[in-house]
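Peer 1: Build me a model from this:
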Amino acid sequence: MLSLESLAALHDAHREALKAPVAAFDLRGKRFDSSRGTHLMGVVNLSSDSWYRESVVLNTEAAVRRGKRLAVEGADLVDVGAESTILHAAHVDEAGQRSVLPPVVRELTQAGVLVSVETYHPTVTESCLKAGAAVLNLTGTRDNEAHFRLVAEHDAAVIICYVAGDHVRAVGDLNLANDHTETLRDYFARQIDLARSCGVTRIWIDPGMGFYYKNLQDSAARVRYQMRTFLETFRLRTLGWPTCHALPHAFEYFEEEVRSAEGFFAVLAMLGKTDLLRTHEVARVRGVVRTMEAGM
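Peer 2: Numbering: from 1, shown residues only. Sure thing, here's the model as predicted:
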């Protein structure tokens, strides 16, 4: 059970990491400096397989409308994707993603919305960056150098996700036998070095908790892993770059109140010093962030 005692023990074991500063940067005229507050990233899903029905849009017009609304509600970034991360969802190939994502990116960018694109295909990354995307939300591991070079070429930013597999749709089991935060640190350290060598100057790191690992189907095990990862996120600050987290839902515990879950997990993420929250519920989570930042 989460308690003040367990939080105090975590703090005492890693107190130096709490003080580590992380990079702040400007991106297309917007300042991302988490010392001034937590940032929000809204979600637009162009896949009908995405489980969060309210985020699903089926055409460009609806996607642009939702993206603009999320920005008005307080999203600093709007993340657009064309393929669900659910393992049994239909695969959307490179051509399919290139046909639907760039028009949405172009219209939102022209409307002044800062757009992130989620993909693991370099050709999709290139198309979307040319259309104006400011951020690549990278959910693969196979072609990362090519992705990083494209990000640098377009003076954009990257969210480097931890993926145990070639990409988010090809994951197996997550090894939690060792200290998982140390596993994350090792992976991100290598990827940050590679990105920097390719000329990338703006980075978030994301532990990838929204991915569907086969050995985390048990709800209790999955939620324990998620809670622990949220609370220990501050240990990654010694890498020097801000952290992004997707907020999960814990259906089995929240049941018909599942739409309250993102707010609960936002609290844990902020206690762990997460810098950017990826949420389907920008307006609701914004209230949580503002309340947390007003307290104590």
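Peer 1: pLDDT weak spots in this structure?
Peer 2: For the chain, the stretches flagged by pLDDT under 70 are 296.
Peer 1: ranges for the helices of it?
Peer 2: All helices of the chain, identified by DSSP state H, fall at 4-13, 15-18, 60-73, 94-110, 122-131, 144-153, 180-197, 219-231, 251-254, 261-271, 282-294.
Peer 1: What is the second one packed up against?
Peer 2: So the one you mean is helix 15-18. In this structure, helix 15-18 packs against no helix or strand, with contacts taken as 3 or more Cβ pairs under 8 Å, 6 or more residues apart in numbering; DSSP states H and E. Heads up, the C-betas are built off the backbone N, CA and C, glycines and all.
Peer 1: Name the residues of that helix that come out as buried.
Peer 2: Of the residues in helix 15-18, A17 count as buried by neighbour count, 16 or more other Cβ atoms under 10 Å.
Peer 1: Going forward, the N-terminal residue is numbered 207.
Peer 2: Shifting the count to begin at 207 puts that one at helix 221-224.
Peer 1: who touches it?
Peer 2: For helix 221-224, the external contacting residues (Cβ atoms under 8 Å, 6 or more residues apart in numbering) are H217, F440, R441, L442, R443, T444, K479.
Peer 1: Show me how far it is from its chain's centre.
Peer 2: Counting by Cα atoms, centre = their mean, to the nearest Å, helix 221-224 is centred 23 Å from the centre of its parent chain.
Peer 1: Using CSV, write out every CA atom in that helix.
Peer 2: Taking Å, rounded to 0.1, in the frame of the first residue of the first chain, the C-alpha atoms of helix 221-224 are listed here in CSV:
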residue,chain,number,x,y,z
ARG,A,221,17.4,12.2,-2.2
GLU,A,222,20.3,13.5,-4.4
ALA,A,223,18.3,12.7,-7.6
LEU,A,224,15.5,15.0,-6.5
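Peer 1: which of the contacts of helix 221-224 lies closest to E332?
Peer 2: L442 (28.9 Å; Cβ to Cβ).
Peer 1: Nearest to I292, out of the helices of the chain?
Peer 2: Per Cβ to Cβ, nearest to I292 of those: helix 457-460, 13.1 Å.
Peer 1: rewinding a little: from the contacts of helix 221-224, which land in strands?
Peer 2: Using DSSP state E to define strands, no part of those is located there.
Peer 1: Just the buried residues from the residues you listed, in ChimeraX please.
Peer 2: Buried subset of those, written as a ChimeraX selection, criterion 16+ other Cβ under 10 Å:
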select :440,441,442,443,479
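Peer 1: for V284, which residues make a bridge with it?
Peer 2: Beta-bridge partners recorded for V284 (DSSP bridges): G248, V321.
Peer 1: That one against R275, yeah?
Peer 2: No. If you go by Cβ atoms under 8 Å, V284 and R275 don't touch, sitting 9.6 Å apart.
Peer 1: With V249 as the reference, name the closest of the helices of the chain.
Peer 2: Taking those one by one with Cβ to Cβ, helix 266-279 is closest: 7.7 Å.
Peer 1: Now tell me what touches the closest one from outside.
Peer 2: In contact with helix 266-279 (Cβ under 8 Å, 6+ apart) are residues 248-250, 252, 261, 263, 284, 286, 306, 309-310, 313-314, 317-319, 321, 488-489, 492.
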